[in-house]
Each structure stands twice: as C-alpha cells, then as structure tokens.
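Engineer: turn this into a model:
(one chain, ligands or ions: 1)
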Amino acid sequence: MTGKPLNPRGTKYDKWTFPVFEMGVVGRARYEYTTGQALGRFLAGLKEGKILGTVCDKCGRVFVPPRMYCSYCFREVDRWIEVKDEGVVVTAVMSYIAADRSRLKEPVAVGVVKLDVPGYKFDDHFFPGLMHYLCGFSEDDVKSMRAFGARVKARWKPPEKRTGSITDIECFEAVRP
Ligand SMILES: [Zn+2]
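Structural biologist: Okay, here's the model as predicted:
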C-alpha cells in the first residue's frame, strides 16, 4: 500500500497507523474566491500604487480587497472606488508566522488597517479592513494597545519593484505628525 495517491491532493501514506476510508471522488471540489476578476484588478491597481475597492450602494459596504458580489445583500456591487493608502489600525497582534508559514525568531506586528475612503466618514462605511504588516511598532506598542487607533500610511515598494502583489506594499507605518 505505498506510492498510491489516495486523494486529489496526491497525499501519499507509507503505512497506516489509523483507520483509513477510501471514498470515491465526486467531481472536483475547488475553493475559489468568487472575485477572480476583482482581485486581478485590485492587484493591477497595487502595481500602480492604488488601492481599489468596490462599493455596494444598498448597504454602503466598501470591500477592500474588492468583491464583485455583496455577500450581505446577495447582489452585485455597484462601482469601483479608489481608497486612500492611509488609515487607522483597528486591531494588532504580534505574529511569529512568516508569510511562507515558517516560524520567525522575532515576532512582527501585524494589524488590520481601516483605510480612509473618500466621501465617507470613519464610521459610516462597513469596511472589513486590510490586514498587513505594521512597521515601527514594538511588541510593547502592541501589547499595551498603544498601536490601536494609530494612523498609518502604506510604505510602497518603488514602482519598478512592484509585481502586482499585496507585498507591493511593504507595510503600514505610523504617520508622524
Ligand atoms: Zn450590500
């Protein structure tokens, strides 16, 4: 019983130490974000230094990253919007997990940033927030919650180094008054 892929992922088991049930695969279950098109445009926007989202005018929600459908109203969103690359840290944690899921020796600050949306006040848009690295925040800033509510701005890679990825933004750093 070796060498035979058991499931669509191709996982191989060399020996059984647990009961195994083999089930026929019905179709191919794929998990795909419903927003392939939207995400593509979002990533292209990042390359140009723009953060794009979509708006559902029925409930007022702004989606960043954008979605094509409002999952609250079950309808297509109405329009695109360019949001600011600046906002407020709504929550933050220290993370020992790198982007490739390896464990870091020193933790990094990660937070959810609620970005400013032109034409909206802070509280009148339902904005889920963009998660990203926070630079310049110490472990103590996070643990004492001083980082919460801080105004931050995206630190962009230089245009020639951008690839159309969320990492075109290196991190969000505190806005110094
Ligand atoms: Zn909606």
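
Engineer: switch to C-alpha atoms for all contacts and neighbour counts from now on
Structural biologist: OK.

Engineer: all helices of the protein, in order?
Structural biologist: For the chain, applying DSSP state H gives helices covering 36-47, 139-143.

Engineer: which one of those helices lies nearest to Arg155?
Structural biologist: Closest approach to Arg155 among the helices of the chain (Cα to Cα): helix 36-47, 11.9 Å.

Engineer: write out the residues of the chain neighbouring the ion.
Structural biologist: Cys56, Cys59, Cys70, Cys73 (Cα under 5 Å from the ion).

Engineer: could I have the buried ones of those residues as PyMOL selection syntax?
Structural biologist: Selection of buried members from those for PyMOL, criterion 16 or more other Cα atoms under 10 Å:
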select buried, resi 56+70
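
Engineer: hmm, back to that, can you tell me which of the helices of the chain is most buried?
Structural biologist: helix 36-47 (a mean of 18; mean count of other Cα atoms under 10 Å).

Engineer: tell me what that one is packed against?
Structural biologist: Here helix 36-47 touches strand 51-55, going by 3 or more Cα pairs under 8 Å, 6 or more residues apart in numbering; DSSP states H and E.

Engineer: quick one: the strand it packs on to helix 36-47, angle?
Structural biologist: Relative orientation of strand 51-55 versus helix 36-47 (axes from the mean of the first three to the mean of the last three Cα atoms, to 10 degrees): 140 degrees.
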